[in-house]
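Novice: Provided below for reference: sequence and predicted model.
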Amino acid sequence: MSYEQLKTVSLISLIGLSLFLTYQLWTYQPNMQALESEQSESVQADDTIGEELDPIQLIKPDQVVLHQGANTYSLIEKTSERYENLLREFTNHELIESVGTEDVLASEGIEVSFPDHIPVSYLLRAFEGEFNTSTINEVDRLFFYISSDTDQVNVQMASNQQEQVVTLRTSISADLLEEHLYKDDADGELNAIIAKEIDTNQMLLRERIYVSTERQVVPSYSQYLIRKYEDMEISIINQRLFNSTDVPRQNQLNGENLYTDGSRIVTIDSLITYLNYSYPFVAESPESSSRHILDVAVEFINYTGAWTDDYALSNWASKETGETIEFRMQLNGLPVFERGMPNNDRMRISLSRVGTQVVNLQRPLFFLEDNPLQDYEKSMPSGEVAVEAIKQANSTEWEESVTNVQLVYRANMENTSYATFEPTWYYESDGEWKRVPLDEEIPS
């Protein structure tokens, strides 16, 4: 073959290849199949990495407050056995019937508050029996008290968003309530004050911030070992996210591991500690869903790796563009925040939904070892001291924006083989959690 003939053949081959690739681009259709939570034929649903949970198991109060008399309050320490025992004993009873709402402003009783508004159907399922109510949809506070008319224990359920309060009669005995309210042994109990409240006619709609007035000793965990997911476990999660055993090939982008099938994208950081799943394709007129995002999120997370540590519902929000929900890791009963990582906090699991479709999931790819190494205990300043520090730093923010003040754990994951967890005070302002500018944390 002459040189001119070789050039002709090469040119024809290139033209043919160009036409073929152009055809492929024109006819390419990315895989837009929605990811379902149910078991598919190609993915084994019994390959569970963590523990599958019910939504009820992820709904946990952020405060239990004892109203022991006129302007006399105590907080039950979340790190104590008393906290768990009280909640368990109360929910082992039944809700019997709706009754007329009483003014309980001066009543003695036990208040239970939640970090966000909770669908009432989930709270009702936490109690024995099958009581239902249609008079209130969401609840963020409960108040158990002894009715002045019947000497029976009632519970008021309140929704600040809906500005509603309903009252239910319970099967809890007056003796049981008083036993928890006035224990001879005050172990696990901290004196408290109301640091801030919005005044309304109904006590449970006052959006109070309760804080302790005395120091609290909390264990500090350093070198609390973590174990990263193994390749097989990550492979199982990817199979679920892509709804197929044929997982796309791994690529590298900006130091991260990237997988994509043309519609879904999974990125995993270089340290294999955090996964971000994105499904950006959304129909122009997405269908609305009748299922609550809490139910959808728990089902989706159960299917795509489940729960490998202790988590609790932190917050959820619904907007015109979609819904988001967040679950935060719990350690020793306290929420955990990662140091210096407000936007990429690896101590949380978050999920977003548009219409009926989950469009984003962010979750850690590690879990804590069963046996932590406890180094020492720390004597923490009171919540009252923390509030004063917030006021001194920015009094306007305190008055206008602060809605919560909590003792938490702050995680440091700078080392790739272990993490440290130090107790500290945080506050919530306009939906964002910040560290209280307070350095007085003394080892005991």
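Specialist: Good, I have the coordinates.
Novice: List the buried residues in stretch 94-107.
Specialist: By neighbour count on 16 or more other Cβ atoms under 10 Å, the buried set for stretch 94-107 is Leu95, Val99, Val104, Ser107. Every C-beta, even on glycine, is put in place using the N, C-alpha and C of the backbone.
Novice: center of the chain, which residue is that?
Specialist: Closest to where the C-alpha atoms of the chain average out (Cα atoms, centre = their mean) is Phe327, at 1.8 Å.
Novice: Who are the contact partners of that one?
Specialist: Leu58, Ala297, Ile301, Tyr311, Ala312, Leu313, Ser314, Arg348, Ile349, Ser350 (Cβ atoms under 8 Å, 6 or more residues apart in numbering).
Novice: Quick check: beta-bridge partners of it?
Specialist: Beta bridges link Phe327 to Leu313, Ile349, judged by DSSP bridges.
Novice: quick one: Lys416 and Pro381, what's the gap?
Specialist: Careful, residue 416 is Thr; it's not Lys. Counting by Cβ to Cβ, to the nearest Å, the separation of Thr416 from Pro381 is 32 Å.
Novice: For these two, indicate the residue with more neighbours.
Specialist: Pro381 (22 against 11; other Cβ atoms under 10 Å).
Novice: can you tell me how far that one sits from Asp439?
Specialist: Distance from Pro381 to Asp439, by Cβ to Cβ: 9 Å.
Novice: swap in Pro423?
Specialist: 13 Å.
Novice: which of these two has more neighbours?
Specialist: Pro423 (23 against 8).
Novice: The more buried one - that's part of a strand, no?
Specialist: Yes: assessed with DSSP: H, G, I helix; E, B strand; the rest coil, Pro423 lies in a strand.
Novice: For the stretch 51-200 of the chain, which residues score under the pLDDT cut-off?
Specialist: 200 (pLDDT under 70).
Novice: for it, what spans make up the helices?
Specialist: 81-91, 120-126, 174-181 (DSSP state H, counting those that start in this stretch).
Novice: Quick check: which of those helices is buried the most?
Specialist: helix 120-126 (a mean of 18; mean count of other Cβ atoms under 10 Å).
Novice: Output the contacting helices and strands for that one.
Specialist: strand 138-146 (3 or more Cβ pairs under 8 Å, 6 or more residues apart in numbering; DSSP states H and E).
Novice: strands paired with the strand it packs on, and their directions?
Specialist: Going by DSSP bridges, the partners of strand 138-146 are strand 109-119 (antiparallel), strand 153-159 (antiparallel).
Novice: quick one, the longest one and helix 81-91 angle?
Specialist: For strand 109-119 against helix 81-91, the angle by axes from the mean of the first three to the mean of the last three Cα atoms, to 10 degrees is 70 degrees.
Novice: quick one: contacts of strand 109-119?
Specialist: Contacts to strand 109-119, defined as Cβ under 8 Å, 6+ apart, come from residues 59-67, 86-87, 137-146, 159-161, 177, 180-181, 204, 292, 294, 312-316, 404.
Novice: okay, now Leu241: neighbour count?
Specialist: Neighbour number of Leu241 under other Cβ under 10 Å is 25.
Novice: got the contact list for it?
Specialist: Per Cβ under 8 Å, 6+ apart, neighbours of Leu241: Leu35, Arg264, Val266, Tyr277, Thr304, Leu361.
Novice: Pull the number of nearby residues for the fourth one.
Specialist: Just to be clear, that refers to Tyr277. Residues near Tyr277, counting by other Cβ under 10 Å: 25.
Novice: For stretch 343-355, measure first residue to last.
Specialist: Length of stretch 343-355, first residue to last, Cα to Cα, to the nearest Å: 24 Å.
Novice: Tell me the gap between it and the middle of its chain.
Specialist: 9 Å (Cα atoms, centre = their mean, to the nearest Å).
Novice: Return the set of buried residues in that stretch.
Specialist: Residues of stretch 343-355 classed as buried: Asp345, Arg346, Met347, Arg348, Ile349, Ser350, Leu351, Ser352, Arg353, Val354 (neighbour count, 16+ other Cβ under 10 Å).
Novice: wait, the second one sits on Tyr274?
Specialist: Yes: distance between Arg346 and Tyr274: 5.1 Å, which falls inside the contact criterion (Cβ atoms under 8 Å).
Novice: so what sits against both of the two?
Specialist: Common neighbours of Arg346 and Tyr274 (Cβ under 8 Å, 6+ apart) are Pro364.
Novice: Between the buried residues of stretch 343-355, which sits nearest Leu258?
Specialist: Arg346 (18.4 Å; Cβ to Cβ).
Novice: distance of the closest one from Glu338?
Specialist: From Arg346 over to Glu338 (counting by Cβ to Cβ), the distance is 5 Å.
Novice: Find residues that contact each of these two.
Specialist: Ala411, Met413.
Novice: Can you give me the pLDDT of Ile268?
Specialist: Per-residue confidence (pLDDT) for Ile268: 92.
Novice: Could you pull up the contacting residues of it?
Specialist: Ile234, Glu256, Asn257, Tyr274, Leu275, Asn276, Leu365.
Novice: For my notes, confirm the fifth one occurs in a strand.
Specialist: The one in question is Leu275. Yes: if the criterion is three-state DSSP, then Leu275 is within a strand.
Novice: Beta-bridge partners for it, please?
Specialist: Ile268, Arg363.
Novice: Next one: it, what pLDDT does it get?
Specialist: So Leu275 comes in at 93 (pLDDT).
Novice: Gly109 pairs with what?
Specialist: Under DSSP bridges, the beta-bridge partners of Gly109 are His67, Tyr145.
Novice: Neighbours of it, how many?
Specialist: 21.
Novice: just Gly255 next, same as before
Specialist: For Gly255, using other Cβ under 10 Å, the count is 8.
Novice: for the closest residue to it other than its chain neighbours, helix, strand, or coil?
Specialist: The shortest distance from Gly255 to any non-neighbouring residue, by Cβ to Cβ, 6 or more residues apart in numbering, is to Ser270 (4.8 Å). On the three-state scheme (three-state DSSP), Ser270 is labelled coil.
Novice: looking at it, Ser270 is touching Asn257, isn't it?
Specialist: Yes: between Ser270 and Asn257 there is a contact at 7.4 Å, judged by Cβ under 8 Å.
Novice: Which of the two has more residues huddled nearby?
Specialist: Using other Cβ under 10 Å, the more surrounded residue of Ser270 and Asn257 is Asn257, with 16 against 10.
Novice: Work out the gap between whichever strand or helix holds that one and the centre of the chain.
Specialist: Assessed by DSSP states H and E, Asn257 sits inside strand 256-260. Relative to the centre of its chain, strand 256-260 is centred 26 Å away, using Cα atoms, centre = their mean.
Novice: Check the gap between Pro364 and Ile226 for me.
Specialist: Distance from Pro364 to Ile226, by Cβ to Cβ: 9 Å.
Novice: out of these two, which sits in the more crowded spot?
Specialist: Taking other Cβ under 10 Å, Pro364 and Ile226 do not tie; Pro364 has more neighbours (23 against 19).
Novice: Good, wrapping up.
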